[in-house]
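>>> Model the structure of this input:
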Amino acid sequence: MFVSKTPWILLLVLWMAGATWWHVCHIKQLCVDLPLPFSTDSTSAQGDEIAPPPISDGKRFSLELPGNFRFALSGDTPNTDALGSSLGELVTYLRNNPDRRLTIIGYYTADETTPASATNLGVARAEQFRQYLTQQGAPVASLTTQGQLITLPDVRMATTPAGDSLMGGLAFAFAEADAPQPAPPTAAAEPESLRELTVAPADTVQKKLPVATLNTEAELAAAEKFTSVFEPIDLYFKLNEANYIKTAATRQFFDEAARYLKKHKNKKLRLTGHTDNTGNDAANLRLSRDRASDVKSRLRSSGISASQIVVDAKGEADPKADNSTIAGRRANRRVTVVVN
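Numbers count the residues shown, from 1 in each chain. Prediction:
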């Protein structure tokens, strides 16, 4: 009986040994004398090896990401699925340390297409991630963005093995935030900011252009025309700037507002933040309030008392344009100012 089973036992032992060898040598690549598989596409191979970018503020803060960012080719929206909830630590650090500023650096290649509304694709990628962080609760004023052109293969960004997207694409650098702006001058002296204002003649007031025809934030800002401090005017921001875009119309508005409010202490300058409909309602409401509050903090030298500035937030609730288009969403990201 035992003799008849011997061949089957031997076959079983050989099968187990062969399966083990195949798993160790061919699948796990642990046999030192077995050559590794060769890929003729060096950038695709690199896509699997690229390490997540370090996020470190010296000895103050350090975050090791569990995965890396991904972008579609010529796309500016980061895929953060591989990061889990790890970015919450970064948001908390920024909220607890307003004296620190994080610069987000976006990478791009010459072969990619830059969106019409962006300085370059790297800035657009950095700005999209900046918006993501602010939606999670990071202060708007603590974040700045830059773009940098690179050539693949590169340790900072590489194509994925499938060749249809990019891994990496972002880097981070901390620095000390800008020093606080000086306190408002005394009432006896005319504010320096008012002496430097350029006032547009009344006969230059023009009708606003349709937002659908405006391709950049600068064009949207230029299209805003001053009529009176009691008529709302919208402030816009470049993608990589925390300051609003200053024009002759905005200068005239704040000039007239400062003079009027100085004489009418019972009146208020109302700053209302707005967003597009990207993200959830609560995050957009918080983002719009942060943006309006940031404008208030930058009006300290305008001669307007802080007690006469009211901050309001509408989030995505009061769009001025169609959120289904890029131009519409761009027009909706604004801060409206008016005296009432």
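>>> contacts, neighbours, all on C-alpha from now
OK.
>>> what residue lies at the spatial centre of this structure?
Central residue of the chain (C-alpha atoms, centre = their mean): Arg130, 2.0 Å from the mean position.
>>> doesn't that one fall inside a strand?
No: checked against DSSP: H, G, I helix; E, B strand; the rest coil, Arg130 lies outside a strand; its state is helix.
>>> got a list of what Leu124 touches?
Residue 124: Ala, not Leu. 76, 106, 115, 118, 147, 239 (C-alpha atoms under 8 Å, 6 or more residues apart in numbering).
>>> In terms of helices and strands, where is it?
Assigned by DSSP states H and E, Ala124 belongs to helix 121-135.
>>> averaged over its residues, what pLDDT does that helix have?
For helix 121-135, the mean pLDDT works out to 90.
>>> One more: stretch 306-319?
pLDDT averaged over stretch 306-319 gives 92.
>>> Need the residues that contact it.
By C-alpha under 8 Å, 6+ apart, stretch 306-319 touches 261, 265-277, 281, 284-289, 292-293, 296, 300, 332.
>>> Write the ChimeraX selection for whichever of those are buried.
Those of the contacts of stretch 306-319 that count as buried under 16 or more other C-alpha atoms under 10 Å are selected in ChimeraX with:
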select :261,268,269,270,271,272,273,274,275,276,277,281,284,285,286,287,288,289,292,293,296,300,332
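>>> Go through the contacts of stretch 306-319 and flag which are in helices.
When DSSP state H is applied, the contacts of stretch 306-319 are split such that 261, 281, 284-289, 292-293, 296, 332 fall in helices.
>>> Please spell out the segments of the stretch 1-150 of the chain that come in under the pLDDT threshold.
Residues of the stretch 1-150 of the chain meeting the criterion pLDDT under 70: 1-4, 21-49, 117.
>>> Helices of that one, start to end?
Per DSSP state H, counting those that start in this stretch, the stretch 1-150 of the chain carries helices over the ranges 2-21, 42-49, 87-96, 121-135.
>>> any chance of those helices in TSV, plus distance to Glu176?
As requested, the helices of the stretch 1-150 of the chain are exported to TSV (distance: least, C-alpha to C-alpha, whole Å):
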stretch	distance to Glu176
helix 2-21	56
helix 42-49	33
helix 87-96	12
helix 121-135	18
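>>> Could you single out the most deeply buried of these?
With neighbours taken as mean count of other C-alpha atoms under 10 Å, the helices of the stretch 1-150 of the chain reach their highest mean count in helix 121-135, at a mean of 24.
>>> Can you check what angle separates that helix from helix 87-96?
Per axes from the mean of the first three to the mean of the last three C-alpha atoms, to 10 degrees, the angle that helix 121-135 makes with helix 87-96 is 80 degrees.
>>> all numbers from here: first residue = 40
In the new count, where the first residue is 40, that last one comes out as helix 160-174.
>>> Report the angle between helix 160-174 and helix 320-336.
Helix 160-174 runs at 100 degrees relative to helix 320-336, counting by the same axes, to 10 degrees.
>>> how distant is helix 160-174 from the center of its chain?
2 Å (C-alpha atoms, centre = their mean, to the nearest Å).
>>> May I have it as PDB, with CA atoms only?
The C-alpha trace of helix 160-174 is given here as PDB (Å, rounded to 0.1, in the frame of the first residue of the first chain):
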ATOM      1  CA  LEU A 160       0.900  74.600 -14.900                       C
ATOM      2  CA  GLY A 161       3.100  74.300 -11.800                       C
ATOM      3  CA  VAL A 162       1.500  77.400 -10.200                       C
ATOM      4  CA  ALA A 163      -2.000  75.900 -11.100                       C
ATOM      5  CA  ARG A 164      -1.100  72.600  -9.400                       C
ATOM      6  CA  ALA A 165       0.200  74.400  -6.300                       C
ATOM      7  CA  GLU A 166      -2.900  76.600  -6.200                       C
ATOM      8  CA  GLN A 167      -5.300  73.700  -6.400                       C
ATOM      9  CA  PHE A 168      -3.500  72.000  -3.500                       C
ATOM     10  CA  ARG A 169      -3.600  75.400  -1.600                       C
ATOM     11  CA  GLN A 170      -7.300  75.500  -2.100                       C
ATOM     12  CA  TYR A 171      -7.600  71.900  -0.900                       C
ATOM     13  CA  LEU A 172      -5.800  72.800   2.400                       C
ATOM     14  CA  THR A 173      -7.900  75.900   3.000                       C
ATOM     15  CA  GLN A 174     -11.000  73.900   2.500                       C
END
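>>> excluding its backbone neighbours, what's nearest Asn316?
Closest residue in space to Asn316, ignoring its immediate chain neighbours: Glu355 at 5.3 Å, by C-alpha to C-alpha, 6 or more residues apart in numbering.
>>> Would you quantify the distance from that neighbour to Thr45?
As judged by C-alpha to C-alpha, to the nearest Å, Glu355 and Thr45 stand 77 Å apart.
>>> what residues are up against the closest residue to Ser181 other than its chain neighbours?
Distances taken as C-alpha to C-alpha, 6+ apart place Arg140 nearest to Ser181, at 4.6 Å, with adjacent residues excluded. Residues near Arg140 by C-alpha under 8 Å, 6+ apart: 133, 180-183, 213-216.
>>> What of Thr153?
Applying C-alpha under 8 Å, 6+ apart to Thr153 gives the contacts 113, 159-160.
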